[in-house]
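**Student:** Just a sequence and a predicted model for now, questions to come.
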Amino acid sequence: MTDKATHSIGWIGLGRMGEAMAARLIKAGHGLSVWNRTTSKADPLAKLGAEVVTDKAAMAHCATVFTMVSTTDDLKDILFGAGGVLSGKARPKRVVDMSSISDTGSAEIRKSLDKPGIAYLSAPVSGNAKVAKAGKLLVVASGPKPEYDAVQPLLAALGRAAMYVGEGELSRIWKIAHNTMFGVIIQSLCEITLLAEKAGIPRHVFLESINQSVLGSMYTKYKTPALVNLDFTTTFTPKLLLKDMELGMGAAKALGVVMPTASVTRDSVAALSHQYPGDIDFSVLLLELARSAGMKLESEKVEVSDGLH
């Protein structure tokens, strides 16, 4: 560990997603300086060759600083708070934020970074930590096009594709829409799976048939093992999904778009987050819907593909 950042690329935020994504950059041959509030979370990356930095402000010596955190307030604190990246005299050339935050919060951060002349790209992703480890993330970015072009090879190294959707916070709107659909799909997938099971079709048979049909997707495939075998090891918690659903409903209200299906799903996810406030996967929704249907589920103990390998 060191209190200085010597690499041109820095990474802040080593939760499930951040660690998996940073590891992709290292494995692609990029030198990386990393910082995390809990330093021990950087240990796996240190074994891969990352430089673990103990002083957050020292990350300003990196030309490009990637951030992957939970909330808008977290990002503001990391950049502008006491001891933050911009608390000293050094300045990075650009900040690339890959978190799921609101478009309004992101716009405020962009404005604050503009003052000292720091470029800012919003670059949220599609996929969870398992998808990141498999190299199948989609990165969607917005902001100054020359800045996107400058870091596109790095973004491409994180997954299967990187896309540019325009200026400002358009990628935030994309992510909000994406994760709102995320919630709607898991709600529908759980409902129809229970319908089929109660009628007599085993979950693994039904879900495999859906995955092979025109309705199948990467998403339905990688949630299949959890729904078949009731393995709710966390990829994304109900609390985080609720945060994103509320961002979606807020954007819909601001833009005057009626989303009744998303609204009902948001209420379902809110109830789920109160029932399961801790570290558990949001697909535990299946159990709650089963109880409502008078069903007691058991693991089918069947090996099924998640579509990632």
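**Tutor:** Ah, there it is. Worth saying up front: this structure is predicted, and the values here are computed from it rather than measured.
**Student:** And the helices in the chain, which stretches?
**Tutor:** 16-27, 43-48, 72-80, 103-114, 129-133, 145-157, 170-199, 203-212, 218-229, 238-255, 260-275, 285-292 (DSSP state H).
**Student:** Identify whichever of those helices lies nearest to Tyr120.
**Tutor:** Nearest of the helices of the chain to Tyr120, taken as CB to CB: helix 103-114 at 4.7 Å. Where you see a C-beta, it was placed from the backbone N, CA and C, and this is true even at glycine.
**Student:** Mind giving me the packing neighbours of that closest one?
**Tutor:** In terms of contacts (3 or more CB pairs under 8 Å, 6 or more residues apart in numbering; DSSP states H and E), helix 103-114 is packed against helix 72-80, strand 94-97, strand 119-122, helix 170-199.
**Student:** most packed of those?
**Tutor:** strand 94-97 (a mean of 26; mean count of other CB atoms under 10 Å).
**Student:** I'd like the distance from that strand to the chain centre, please.
**Tutor:** For strand 94-97, the separation from the chain centroid amounts to 16 Å (computed by CA atoms, centre = their mean, to the nearest Å).
**Student:** Now do it: everything it contacts.
**Tutor:** With contact meaning CB atoms under 8 Å, 6 or more residues apart in numbering, strand 94-97 is reached by 63-68, 75, 79, 85, 106, 109, 113, 118-123, 141, 147, 150-151, 154-155.
**Student:** domain assignment for the protein?
**Tutor:** The chain is divided into the following domains under automatic domain parsing: 9-168, 173-292.
**Student:** Out of the ones you listed, which gets nearest to Val302?
**Tutor:** So among the domains of the chain, domain 173-292 is nearest, using CB to CB, at 4.4 Å.
**Student:** Ends of the closest one, what's the gap?
**Tutor:** Using CA to CA, to the nearest Å, one end of domain 173-292 lies 34 Å from the other.
**Student:** rewinding a little: got TSV for the helices and strands packed on helix 103-114, with distance to Leu272 and mean pLDDT too?
**Tutor:** What follows is the helices and strands packed on helix 103-114, written out as TSV (distance: least, CB to CB, whole Å; pLDDT from 0 to 100):
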stretch	distance to Leu272	mean pLDDT
helix 72-80	23	96
strand 94-97	28	98
strand 119-122	28	98
helix 170-199	10	96
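**Student:** Would you convert these into CSV that also reports distance to Lys253?
**Tutor:** Listed next are the helices and strands packed on helix 103-114 as CSV, based on distance: least, CB to CB, whole Å:
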stretch, distance to Lys253
helix 72-80, 18
strand 94-97, 24
strand 119-122, 21
helix 170-199, 12
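**Student:** nearest to Ala271, of the ones you listed?
**Tutor:** Of all the helices and strands packed on helix 103-114, helix 170-199 comes closest under CB to CB, at 11.5 Å.
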